[in-house]
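Peer 1: Predicted model and sequence below, questions to follow.
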Amino acid sequence: MITGRSRGLAAMLTLALGSGTVAGAGLLGSPAFAAGTGSYKLDTTALAPGQQVTLTQTAFEDSTPDTPATVTVAWGDGKTSTLESGSTSVKHAYAAAGTFTVAVSIADDGATTAGTVSNATVKVATTTFKFNPTWNWTWPDGGHEANLQLSGIPSNTTRVWVAWGDGETSLVNKANTSVKHYYGFGTFTAKVKLESPQGTVEKSAGTYSLRVDSTAPTATLKVPSSPKKASSWKTIQGTAKDGQIGMDAVGVQLWKWTSTKDYYYNWSTAKWVKYTPGSTTIPNSALKWVTVSSSGVWKANVAGLSKGYTLEVDYVAVDKAGNDSGLKYKQQKLTS
């Protein structure tokens, strides 16, 4: 009969309970509880130094709710945070640029498991803002256009502002790699501000300064190897240099005369025009502004020269600040 076996089992349980032993101990075995499991997501993986990333818990399961789990976030930069009980998110700001892997660990009832972070790699950009060049020449009370270079702006950026340091502020397209600004004379410190859902950060772009150029340029005329020969002067040429703001142009005016007649050269018509002192009005086309090459050479072609005249070449170099070399001239008798 099975009735006796049932009474025996009941007696054994009664003895176990009476001696203070947990019911079932040594008969069914102790249950094993695992730590909780969780899923997490970052609100961005692109930041500028100083901006905050938010880690949000999207799912969590705790098999032992009577003993709350401890959720620890390792941000990859040596810093950790604890997700407070009842909270589903935690923030962290990265102080420096780099690539960081975020990890979550869940500790509960003596066991630890890793949480799942769907987008665990955070890239903190190396933002660089600088003037190139950092200074330039100008004239007294003048100005110059500065070039500010931008790099490393993270993709989460919504707006980029540049405070130029002269009272002006510009909203810049974040895709731009450079932006220009016209400064008056002085020294200025600019700042770049990046706005995003992860916060607003500001960084210095350095200083830009303007220096007054008050130094005159130099100018020379190249005398041909056969200076008395008229055809040797079909190209008037020389050099002009400026060691500061740079060359603008060289002004050239030509004259020829005999003992009875005077002529000026009209650059627009490429003709020699008779000049009568006191009655002839000299037009603007009697002066030619010649550009100067990067190597400092200027040239102007002339027609209609012949022997029997004295040629005079008047020339002056002017730099971009308005300084000039002073009027210079060369006279040469043409005998062949």
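Peer 2: Here it is on my side, so go on. From a predicted model like this one, the values you see are computed outputs, not experimental measurements.

Peer 1: which residues sit against the longest strand along the chain?
Peer 2: Looking across the chain with DSSP state E, the single longest strand is strand 199-212. Contacts of strand 199-212 with the rest of the structure, by CB atoms under 8 Å, 6 or more residues apart in numbering, involve 48-52, 93, 127, 129-131, 134-140, 142-144, 146, 148, 162, 165, 183-194, 244, 321. C-beta coordinates here come from the backbone N, C-alpha and C atoms, glycine included.

Peer 1: Stretch 312-323 - what's its average pLDDT?
Peer 2: If you average the pLDDT over stretch 312-323, you get 97.

Peer 1: which ones are touching Y40?
Peer 2: Residues near Y40 by CB under 8 Å, 6+ apart: L55, T56, Q57, T58, V104, G115, T116, V117, S118.

Peer 1: let's see 6 Å
Peer 2: L55, Q57, V104, G115, V117 (CB atoms under 6 Å, 6 or more residues apart in numbering).

Peer 1: and it, what are its bridge partners?
Peer 2: With DSSP bridges as the criterion, Y40 is bridged to Q57, V117.

Peer 1: rewinding a little: C-terminal to the longest strand of the chain, what's the next element?
Peer 2: Note on strand 199-212: by DSSP states H and E, the next helix or strand toward the C-terminus is strand 218-221.

Peer 1: List the buried residues for that next one?
Peer 2: Buried residues in strand 218-221, defined by neighbour count with 16 or more other CB atoms under 10 Å: T218, A219, T220, L221.

Peer 1: One more: stretch 264-275?
Peer 2: Going by neighbour count (16+ other CB under 10 Å), the buried part of stretch 264-275 is Y264, Y265, N266, W267, W272, Y275.

Peer 1: so which helix or strand takes in I245?
Peer 2: Element membership for I245 (DSSP H and E) is empty, with no helix or strand holding it.

Peer 1: That one: how many residues sit nearby?
Peer 2: Number of residues near I245 (other CB atoms under 10 Å) recorded here: 23.

Peer 1: Over to the one 5 residues further on?
Peer 2: Other residues near V250 number 28, with proximity taken as other CB under 10 Å.

Peer 1: Correct me if wrong: it contacts V290.
Peer 2: Yes - proximity of V250 to V290 meets the contact threshold set by CB atoms under 6 Å, at 4.8 Å.

Peer 1: Identify the residues contacting stretch 72-79?
Peer 2: Stretch 72-79 has contacts (CB under 6 Å, 6+ apart) with L55, T80, S81, T82, V90, H92, F100, T101, V102, A103, V104, S105.

Peer 1: again, only using 10 Å
Peer 2: Applying CB atoms under 10 Å, 6 or more residues apart in numbering, the contact partners of stretch 72-79 are 40, 53, 55, 80-83, 90, 92-96, 98-107, 112, 115, 117, 120-122, 124.

Peer 1: Can you tell me which of those end up in strands?
Peer 2: Counted as lying in strands by DSSP E, out of those, are 40, 53, 55, 80-83, 90, 92-93, 98-101, 103-107, 112, 117, 121-122, 124.

Peer 1: I'd guess S232 is in a helix, am I close?
Peer 2: Yes - assessed with DSSP: H, G, I helix; E, B strand; the rest coil, S232 lies in a helix.

Peer 1: Quick check, pLDDT for it.
Peer 2: Predicted confidence (pLDDT) for S232: 97.

Peer 1: Equivalent analysis for A16, please.
Peer 2: 42.

Peer 1: Quick check: neighbours shared by V250 and V290?
Peer 2: Common neighbours of V250 and V290, using CB under 10 Å, 6+ apart, are I236, Q237, G238, A240, V297, W298, K299, A300, Y315, A317.
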